[in-house]
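Participant: for reference, the sequence and a predicted model appear below.
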Amino acid sequence: MPPKPEHRDVAGFLSRVRNFLLGRTHKTAHRFADTISPSTQPPPNIPRGPIQSLFANYYYTRDPRGLVKPFVDVVQEHKEMLAAKAKAEEAAKKNQAKSGDAPKDEISVPPGESKDTGTKECDEGDTGAKTLPTPGKVHSWEGPH
């Protein structure tokens with residue numbers, strides 16, 4: 001018979017003091033392999049359910065595992081959108097240059113922007129409204145100085 005293994009516990013003197021103060025022999029709550037009963041029962045035989053069949057499976061339409069998709073990198077998507085937009089603008093400029101609609105040396109400015117200031121023009125006409133500054137540009141609300 002193999003020797004009984006030592007179980008973890010406090011030192012001998014402390015163990016005796018603990019037993020004296022408890023008034024009984026202390027039984028530890030630790031579970032050691034030689035103190036518990038062996039697991040000799042057979043593995044469970046679980047019946048198959050409807051989710052495990054390949055055909056006539058009513059649940060496949062609501063299975064959330066099929067709905068999981070990789071995450072979308074918003075910054076990368078925005079960069080790709082800007083690149084596609086710039087490419088489309090370049091293609092439009094090339095087509096205009098080929099057809100002769102716009103002179104090649106003149107800079108095309110989107111409608112609503114002025115060439116010299118880079119500011120948006122108001123649509124109110126000549127009612128004394130000033131041009132609004134482009135976001136990010138340093139400006140003064142008091143007027144020109």
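Facilitator: Cool, the structure landed. Numbering: from 1, shown residues only.
Participant: from one end of stretch 40-47 to the other, what's the distance?
Facilitator: End-to-end distance for stretch 40-47: 21 Å, by Cα to Cα, to the nearest Å.
Participant: quick one: contacts of it?
Facilitator: The contact list for stretch 40-47 (Cβ atoms under 8 Å, 6 or more residues apart in numbering) is empty. Glycine gets a C-beta too; all of them are placed from N, C-alpha and C.
Participant: pLDDT averaged over it, what's the number?
Facilitator: Across stretch 40-47, pLDDT averages out at 84.
Participant: again, but for stretch 97-110
Facilitator: If you average the pLDDT over stretch 97-110, you get 63.
Participant: helix/strand/coil for residue 91?
Facilitator: helix (DSSP: H, G, I helix; E, B strand; the rest coil).
Participant: if I look at it, what pLDDT would I see?
Facilitator: 94.
Participant: what's the spacing between it and residue 97?
Facilitator: Separation of residue 91 from residue 97 (Cβ to Cβ, to the nearest Å): 11 Å.
Participant: swap in residue 42?
Facilitator: Taken as Cβ to Cβ, the span from residue 42 to residue 97 is 82 Å.
Participant: ok, these two, which is more surrounded?
Facilitator: residue 97 (12 against 5; other Cβ atoms under 10 Å).
Participant: part of a helix, is the more buried one?
Facilitator: Yes: Residue 97 sits within a helix when classified using three-state DSSP.
Participant: buried residues of stretch 65-76, list them for me.
Facilitator: By 16 or more other Cβ atoms under 10 Å, stretch 65-76 has no buried positions at all.
Participant: can you give me the helices for the chain?
Facilitator: 12-22, 74-99 (DSSP state H).
Participant: format the ones you listed as a markdown table; extra columns: distance to residue 6.
Facilitator: Below are these laid out as a markdown table (distance: least, Cβ to Cβ, whole Å):
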| stretch | distance to residue 6 |
| --- | --- |
| helix 12-22 | 12 |
| helix 74-99 | 60 |
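Participant: got the contact list for residue 34?
Facilitator: Counted by Cβ under 8 Å, 6+ apart, residue 34 has contacts 4-5.
Participant: ramachandran coordinates for it?
Facilitator: phi -80, psi -10 (degrees, to the nearest 10).
Participant: just for the chain, where's the confidence low?
Facilitator: For the chain, the stretches with pLDDT under 70 are 1, 50-63, 101-145.
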